[in-house]
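**Student:** coords please:
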Amino acid sequence: MEYLVSMTTRVPDGTSEETIDDTRTREATRSHELAALGHLLRLWRPPLEPGEWRTLGLFVAADDGHLEDLLRSMPLRIWRTDKATPLSPHPNDPALSLRSHRTPTKAGAVEFLTSLATTVPEGSPDQTVVDTMEREATRASALAEQGHLLRLWRLPGDGRTLGLWQAQDAAELQAILESLPLYSWMTVETTPLTHHPNDPAANEG
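**Tutor:** Numbers count the residues shown, from 1 in each chain. Presented below is the predicted three-dimensional model:
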């Protein structure tokens with residue numbers, strides 16, 4: 001099972017730089033080990049406030065308890081608060097037919113996470129809903145082939161989806177999202193992502 005984990009670290013006042021550096025070094029080593037075991041797929045930095053230390057991670061674990069064991073094994077956990085969101089398979093996920101958790105391949109591309117909440121308008125004919133869903137699947141497949149859509153998951157709650165995308169910038173991503181047949185029924189929240197030094201994708205061939 002896959003999980004998106006938001007990890008917020010607060011180093012206690014008075015902690016020596018030597019202790020911080022040693023803990024971060026051990027964290028990098030443990031991240032590499034978890035990646036080699038197939039439990040850590042990706043790490044990103046979301047937008048941060050001044051002085052904020054936060055990471056988003058994509059993990060694989062058997063269940064919630066197993067995930068907690070994995071997170072507790074990471075050295076920075078002594079200063080960190082983790083919030084995990086379980087992710088369920090999505091039928092339009094490119095990983096089912098193409099590739100999974102790959103690093104961006106387009107020159108200058110930026111990765112984004114989107115939280116998509118879809119609400120079908122009341123009174124919509126059943127056939128209209130079916131046709132729109134089918135066109136959405138076709139468009140998602142095309143965007144995956146173009147390298148824009150990397151992953152899709154179902155989030156907890158009806159009609160909620162998490163997407164991992166790549167685009168040249170926010171404007172291109174917005175145009176991509178507006179091309180989705182379901183877009184007029186969607187509420188979208190977008191999080192731009194930047195490189196994390198321990199991201200396993202950086203070491204992929």
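
**Student:** please make it C-alpha for all contacts and neighbour counts, starting now.
**Tutor:** OK.

**Student:** what residues are up against residue 118?
**Tutor:** 159, 160, 182, 185, 186, 187 (C-alpha atoms under 8 Å, 6 or more residues apart in numbering).

**Student:** quick check: the closest residue to it other than its chain neighbours vs residue 127, distance?
**Tutor:** Nearest residue to residue 118, sequence neighbours excluded (C-alpha to C-alpha, 6 or more residues apart in numbering): residue 186, at 4.4 Å. Applying C-alpha to C-alpha, to the nearest Å, the value for residue 186 to residue 127 is 19 Å.

**Student:** tell me which of the two has more neighbours.
**Tutor:** residue 186 (19 against 9; other C-alpha atoms under 10 Å).

**Student:** thought that one was touching residue 119?
**Tutor:** Yes. Residue 186 is within contact range of residue 119, at 6.4 Å (criterion: C-alpha atoms under 8 Å).

**Student:** residue 155 reaches residue 161, doesn't it?
**Tutor:** Yes. Applying C-alpha under 8 Å, one finds residue 155 in contact with residue 161, separated by 5.2 Å.

**Student:** what helix or strand is the residue lying closest to residue 95 once chain neighbours are set aside on?
**Tutor:** Nearest residue to residue 95, sequence neighbours excluded (C-alpha to C-alpha, 6+ apart): residue 151, at 6.4 Å. Taking DSSP states H and E as the definition, residue 151 sits inside strand 149-154.

**Student:** sheet partners, orientation included, of that strand?
**Tutor:** Under the criterion DSSP bridges, strand 149-154 sits next to strand 80-89 (antiparallel), strand 160-167 (antiparallel) in its sheet.
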